[in-house]
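Trainee: Got a predicted model here, sequence first, then my questions.
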Amino acid sequence: MFLRRSVTLAMSLKNYSSEAKNLVAVAVNNQTGVATVTLQRPPVNSLNLELLNELSSALTELEEKKARGIILKSSSDSVFSAGLDIHEFSNTEEGRLKKFWTALQDVWIKLYGHSAPTVACINGHAPAGGCLLALSCEYRVMLKQKTIGLNETKLGIVAPLWFIASMENVIGRRLTELSLTTGKMYTTEEALKIGLIDEIAEDTNDAVSKSENFLKLFQNISPFARSQTKKFIRGNTVQSLVKTREADLKAFIDDITSEKVQKGLKVYMESLKKGK
Ligand SMILES: CCCCCCCC/C=C\CC(=O)SCCNC(=O)CCNC(=O)[C@H](O)C(C)(C)COP(=O)(O)OP(=O)(O)OC[C@H]1O[C@@H](n2cnc3c(N)ncnc32)[C@H](O)[C@@H]1OP(=O)(O)O
């Protein structure tokens, strides 16, 4: 019964090979059904509205096509994602701000609750929103000598509850509290020690191969049993945002457009430029 189902899924993916879009590229291995989703917005894959919309569409498509696994990586070996594009925050046009935050909520809901097994191949630094993407996956392989963390307090902003839950579900409440309140960025080696990541890789090829090995664990597991189990484990966390989306959006708009936060972000951006 399960075997017949697997064959059907593999066949449904047969003609779905590689599609390069602007900011997100999706390539599906027709033999394994595993999709590699590559973020490609140089220089640092900061998440703007357009990238988030493309990522959201890719995740929907991979849900519909019943992908057998997703590897999320960066086209650069230096930065996985620098997090949300800070320029979006200084956009005072409320329509775009709303679309931006709604797109981020969409991406998180789809990625966190995806039916396919997901791996973050963290082939570069992953601050803030970059760390969120990684935490939304089920397994994390990271290049040595990079950094990862939810550093929002360093920017004078407050990580929403669903960011916090994503980290708490991986490393527990005590460490999440310490990490978030201090805005701690962990080195790869530190991240492995606290369980924030699962494996260290030498380079991107090694990271991809370790990600593929993780997905092989599910080769002989019923996709239905696997995804339902994941749903039971992650369902409440996803639902907590689904039920409060409007309030979360309002809180974001109110906070991000406040004079105090805008001033702090300006100073942070200047410090980033000076850091060169
Ligand atoms: C109370 C308020 C509630 C509101 C709730 C909001 C919750 C928001 C939640 C999440 C927030 C975020 O995700 S904010 C983003 C946080 N990200 C960071 O702090 C990362 C900052 N970047 C870096 O540390 C580094 O750039 C890097 C380590 C990622 C890479 O270093 P590298 O040396 O390779 O590159 P540069 O630093 O030279 O950067 C190149 C270029 O990119 C610009 N840049 C970097 N990060 C961002 C970004 N996140 N958004 C937009 N632009 C970014 C950087 O300024 C450089 O630009 P220029 O070449 O023009 O100088």
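Mentor: Done, it's in.

Trainee: So what would you say the end-to-end distance of stretch 111-122 is?
Mentor: Chord length of stretch 111-122, first to last residue, is 15 Å (Cα to Cα, to the nearest Å).

Trainee: what about it, near the ligand?
Mentor: No: using Cβ under 6 Å from any ligand atom, no contact is recorded between stretch 111-122 and the ligand, whose separation bottoms out at 12.2 Å. C-beta here means a position set from N, CA and C on the backbone, and glycine is covered the same way.

Trainee: Ok, stretch 33-51 next?
Mentor: Yes: among the residues of stretch 33-51, Pro43, Val44, Ser46 lie within reach of the ligand under Cβ under 6 Å from any ligand atom.

Trainee: Of these, grab the buried ones for PyMOL.
Mentor: When burial is assessed using 16 or more other Cβ atoms under 10 Å, the buried subset of these is captured in PyMOL by this command:
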select buried, resi 44+46
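
Trainee: Return the member of the residues of stretch 33-51 next to the ligand nearest to the ligand.
Mentor: Ser46 (3.7 Å; Cβ to the nearest ligand atom).

Trainee: Roughly how far does that closest one sit from Ser90?
Mentor: Ser46 sits at a distance of 13 Å from Ser90 (criterion: Cβ to Cβ, to the nearest Å).

Trainee: Close to the ligand: what parts of the stretch 1-150 of the chain are there?
Mentor: Residues of the stretch 1-150 of the chain lying close to the ligand by Cβ under 6 Å from any ligand atom are 43-44, 46, 78-79, 82-87, 125, 127-129.

Trainee: rerun at 8 Å
Mentor: Along the stretch 1-150 of the chain, the residues adjacent to the ligand under the rule Cβ under 8 Å from any ligand atom are 43-44, 46-47, 78-79, 81-89, 124-125, 127-130, 132, 147, 150.

Trainee: Turn the buried ones among these into a named PyMOL selection, would you?
Mentor: The command below creates a PyMOL selection of those among those that count as buried (16+ other Cβ under 10 Å):
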select buried, resi 44+46+47+79+81+82+83+84+85+86+88+89+124+125+127+128+129+130+132+147+150
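
Trainee: among the residues of the stretch 1-150 of the chain next to the ligand, which are in helices?
Mentor: Judged by DSSP state H, those include Ile86, His87, Glu88, Phe89, Gly129, Gly130, Leu132 as members of helices.

Trainee: residue contacts, Arg234?
Mentor: Residues in contact with Arg234, defined by Cβ atoms under 8 Å, 6 or more residues apart in numbering, are Tyr112, Gly113, Asn169.

Trainee: what do you get if the cut-off is 7 Å, keeping everything else the same?
Mentor: Counting by Cβ atoms under 7 Å, 6 or more residues apart in numbering, Arg234 touches Tyr112, Gly113.

Trainee: Could you tell me how many residues sit around Val158?
Mentor: By the measure other Cβ atoms under 10 Å, the count of residues near Val158 is 15.

Trainee: repeat for Glu246
Mentor: In terms of burial, Glu246 registers 9 neighbours under the definition other Cβ under 10 Å.

Trainee: Spit out the contact partners of it.
Mentor: Taking Cβ under 7 Å, 6+ apart as the criterion, Glu246 is in contact with no other residue.

Trainee: Tell me which stretches of this structure form helices.
Mentor: Taking DSSP H as the criterion, the chain carries its helices at 2-12, 49-64, 86-89, 94-112, 129-136, 161-171, 173-182, 188-193, 204-216, 223-242, 245-256, 259-274.
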